[in-house]
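Trainee: Structure for the following, please:
(one chain, ligands or ions: 1)
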Amino acid sequence: MSGYKNFAIVGAGTLGNYIVQQFLKEKAVGTVNDVVVLTRQGSKTTLVGDAKVIPVDYSNPGSIKNALTGVHVVICTISGAALDVQRKIAEAAKEAGVKLFIPSEFGGITEGETEGLFGQKANIQDELKVLGIPYTFFYTGPFADYIWAPFLNLDITSGKVSVGGDGNKPISFTSRPDIARYLSYVLTHFPPEQLKNKSFTIAGDNKSFNEIFKAYERKTAKKLEVTYVPVSELDAKLATNPEDISTYLHKFWATTGPFPRTDNHLYPDWNPTPVLDNLPVA
Ligand SMILES: NC(=O)c1ccc[n+]([C@@H]2O[C@H](COP(=O)([O-])OP(=O)(O)OC[C@H]3O[C@@H](n4cnc5c(N)ncnc54)[C@H](OP(=O)(O)O)[C@@H]3O)[C@@H](O)[C@H]2O)c1
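Mentor: Next comes the predicted model:
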């Protein structure tokens, strides 16, 4: 057992809400004592469940430190431009005596990346190492239950999708509930030395977009119109707009391949859901 009993989730949105729900379940059975959620003052975010919510002014280190006093593990689930706020959160967490800091990763392996979103996440990792607060990184691949959306040109229910490359490269996917279960398991069951300054790579399933599209067509008896965008075209788009997150991710998926190894086996009863079970149905 880790001995960690008090958890804070910072910015409970698309992913964090699932993590909050999972830790509330752990609280209900006595595995954890306290689950708090840090939120921006005046935020309109709605949480499912009854976690203790603490409004925080992230520009004020004292405000963050007060919210994290007594917390053993901080799990950051903020995103985009807000990722840089993690520097201040980590500094305040160290001051407050937090024992373990989980930065907002939850995608591809970012170690060694220098550009775009993953470069931004890798920078935060470097800063945690310099700060000297113990950390754990969780790599999950794209969320199997979330990415089928218009902003990624993957709204499968519309009948039209677009992917980078030839669509044949397998990708490691994990759903948000499966991520939340894995996280809560290792953070409560493993001894601190197995968690501190370690990374965990998990994959609910490995499938290429073409395999997924074919299976979807079989399941729904609907034909999908798939556009394949050459990687050279993705590169040209990124040169014009490096902030284009959809193009950035499609290039990453088209060129990287699945995780070479995973830590799925460390939670033998995990049993994640196959990606096909996570597809929306029109
Ligand atoms: N692998 C994938 O497919 C995938 C998909 C999506 C995201 N991700 C990754 O998962 C992580 C979490 O992303 P997400 O989509 O769950 O996050 P999100 O829903 O966009 O944001 C989470 C919360 O962050 C808080 N927040 C927003 N702006 C903020 C700011 N300027 N300063 C401080 N807090 C702010 C908000 O909470 P309050 O309003 O309560 O303050 C928000 O609900 C990120 O690392 C992201 O890159 C991965």
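
Trainee: tell me the SS of the closest residue to Gln41 other than its chain neighbours?
Mentor: Excluding the flanking residues, the one nearest Gln41 by C-beta to C-beta, 6 or more residues apart in numbering is Pro55, at 4.4 Å. In this view, the C-beta of every residue, glycine as well, is placed from N, C-alpha and C. Recorded secondary structure, Pro55: strand (DSSP: H, G, I helix; E, B strand; the rest coil).

Trainee: For Pro55, list each beta-bridge partner.
Mentor: Thr39 (DSSP bridges).

Trainee: wait, doesn't it sit right on Thr45?
Mentor: No. Counting by C-beta atoms under 8 Å, Pro55 stays clear of Thr45, with 10.7 Å between them.

Trainee: Common neighbours of these two, please.
Mentor: Shared contacts of Pro55 and Thr45 (C-beta atoms under 8 Å, 6 or more residues apart in numbering): Thr39.

Trainee: what about the residue nearest to Gln41, neighbour count?
Mentor: Residues within reach of Pro55, counting by other C-beta atoms under 10 Å, total 13.

Trainee: Return the residues in contact with it.
Mentor: 39-43.

Trainee: Greatest separation within these: which pair is it?
Mentor: For those, the farthest-apart pair by C-beta to C-beta is Thr39 and Gly42; their separation is 9.1 Å.

Trainee: With neighbour numbers in mind, choose between the two.
Mentor: Thr39 (21 against 6).

Trainee: now the more buried one: how far from Asn168?
Mentor: The spacing between Thr39 and Asn168, counted by C-beta to C-beta, to the nearest Å, is 42 Å.

Trainee: Would you agree Asn264 is in contact with Asn206?
Mentor: No. Checked against C-beta under 8 Å, the pair Asn264 and Asn206 is beyond contact range at 10.9 Å.
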